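Visitor: sharing a model that was predicted from the sequence below.
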Amino acid sequence: MGVFDSGIGGLSVLQALQAALPLEHFVYLDDSAFAPYGERGDAHVVQRSRAITQYLRQTHGIKALVIACNTATMAAVALLRAEHPDLPIVGVEPGLKPAAAASQTKRVGVIGTRGTVTSAKFNALQLSLQDQAEFIVQPCDGLADAISRSVASGDDTKTIALCADYISAMGRFGLNPGEIDTLVLGCTHYVFAQAHMEQLVGPQVRILSTGKPVARRTRQLLEAGDVLHSGPGGLQLLTTGEAAVLQAAAQRWLGLSAQHGAQAAHVHIDSRPAL
């Protein structure tokens, strides 16, 4: 099973995948040498997504792919499915539909990278739900990068400050009319700052992420294709950036290194795959 993200944020999706599919072997690829995706153009994100998909197929023989990155999903999932019709591909996207259904005040906050919340696919999704809720959308420049950097430094100061700035810019949160009662995390990195956000918005506000729905959908596809693995499960951690950072993130947030004995390794993936 291949899983990739622009950095360490996809570990939040990997955690849900491992809980739903404990007997599968996962290859997680962190493309941090070419991040942040959310602040680059679509051409860059598509190029990296194509290269990584080809690498995971050719080198690791993956049977399915999870794009654990909202920006890459928005920019590249349709193209990847067209180029790899025999490969089940699951993407992630902000949970606007379940948020609209869950909201009582019908004001939903959405935070994400600029690349995600300004994409055509996101805009189409938001437009399709405009009669169900009002969406307060906030691009969070620098937040994913700050979360990643906090792993190496052990200092969450910048992450906390950015969370405070962006949450404040969205308006009032709460259960009263006119207040935002549901917050959608539109970037997989943001799950690792959820505790800070909970303090800012209060305990009554529902916070939605995409890990569990993605894991359920992935399991459904494997069952439909009759390709569920019977074990034993396993994990490989790969990165185009610094292996120590990915290793530290897995250990700090998920305990993956201790649980699975996985050691992160550096890989080089050419940006121009020969398709």
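Guide: Perfect, I can see it now. Numbering: from 1, shown residues only.
Visitor: what sits against Phe135?
Guide: 96, 108-110, 126, 129 (CB atoms under 8 Å, 6 or more residues apart in numbering). Every C-beta, even on glycine, is put in place using the N, C-alpha and C of the backbone.
Visitor: could the residues you listed go into TSV alongside distance to Ser49?
Guide: Shown next, in TSV, are the contacts of Phe135 (distance: CB to CB, whole Å):
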residue	distance to Ser49
Leu96	22
Val108	28
Gly109	28
Val110	22
Gln126	23
Leu129	26
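Visitor: could you dump these into JSON lines with secondary structure, neighbour count and distance to Ala265 added?
Guide: Formatted as JSON lines, those follow (DSSP: H, G, I helix; E, B strand; the rest coil; neighbours: other CB atoms under 10 Å; distance: CB to CB, whole Å):
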{"residue": "Leu96", "secondary structure": "helix", "neighbour count": "23", "distance to Ala265": "36"}
{"residue": "Val108", "secondary structure": "strand", "neighbour count": "28", "distance to Ala265": "40"}
{"residue": "Gly109", "secondary structure": "strand", "neighbour count": "28", "distance to Ala265": "38"}
{"residue": "Val110", "secondary structure": "strand", "neighbour count": "25", "distance to Ala265": "35"}
{"residue": "Gln126", "secondary structure": "helix", "neighbour count": "18", "distance to Ala265": "39"}
{"residue": "Leu129", "secondary structure": "coil", "neighbour count": "16", "distance to Ala265": "41"}
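Visitor: which of these sit farthest apart?
Guide: Gly109 and Leu129 (14.0 Å; CB to CB).
Visitor: which of the contacts of Phe135 sits closest to Val46?
Guide: For the contacts of Phe135, the residue nearest Val46 by CB to CB is Gln126; the value is 21.7 Å.
Visitor: against Leu127, how distant is the residue lying closest to that closest one once chain neighbours are set aside?
Guide: For Gln126, ignoring the flanking residues on the chain, the nearest one in space by CB to CB, 6 or more residues apart in numbering is Phe135 at 5.5 Å. Phe135 sits at a distance of 10 Å from Leu127 (criterion: CB to CB, to the nearest Å).
Visitor: again, but for Ser271
Guide: 33 Å.
Visitor: next up, the contacts around the residue nearest to Ala20 when sequence neighbours are not counted.
Guide: Nearest in space to Ala20, with sequence neighbours left out and distances taken as CB to CB, 6+ apart, is Ala215 at 3.8 Å. Contact analysis of Ala215 by CB under 8 Å, 6+ apart lists 13, 16-17, 19-21.
Visitor: do the same with Cys187
Guide: Taking CB under 8 Å, 6+ apart as the test, what Cys187 contacts is 9, 38, 70-71, 111-113, 116, 140, 143-144.
Visitor: with Ser168 instead?
Guide: Leu200.
Visitor: can you confirm it is in a strand?
Guide: No: counting by DSSP: H, G, I helix; E, B strand; the rest coil, Ser168 falls outside a strand, being helix.
Visitor: which pLDDT does the model give it?
Guide: On pLDDT, Ser168 comes in at 98.
Visitor: Ile180 versus that one, what's the distance?
Guide: Taking CB to CB, one finds Ser168 at 12 Å from Ile180.
Visitor: can you check which residues contact both of those two?
Guide: Counting by CB under 8 Å, 6+ apart, nothing touches both Ser168 and Ile180.
Visitor: any weak-confidence spans in the protein?
Guide: The chain contains residues with pLDDT under 70 at 256-261, 272-275.
Visitor: ok, 80 please
Guide: Applying pLDDT under 80 to the chain flags residues 152, 231, 253-262, 271-275.
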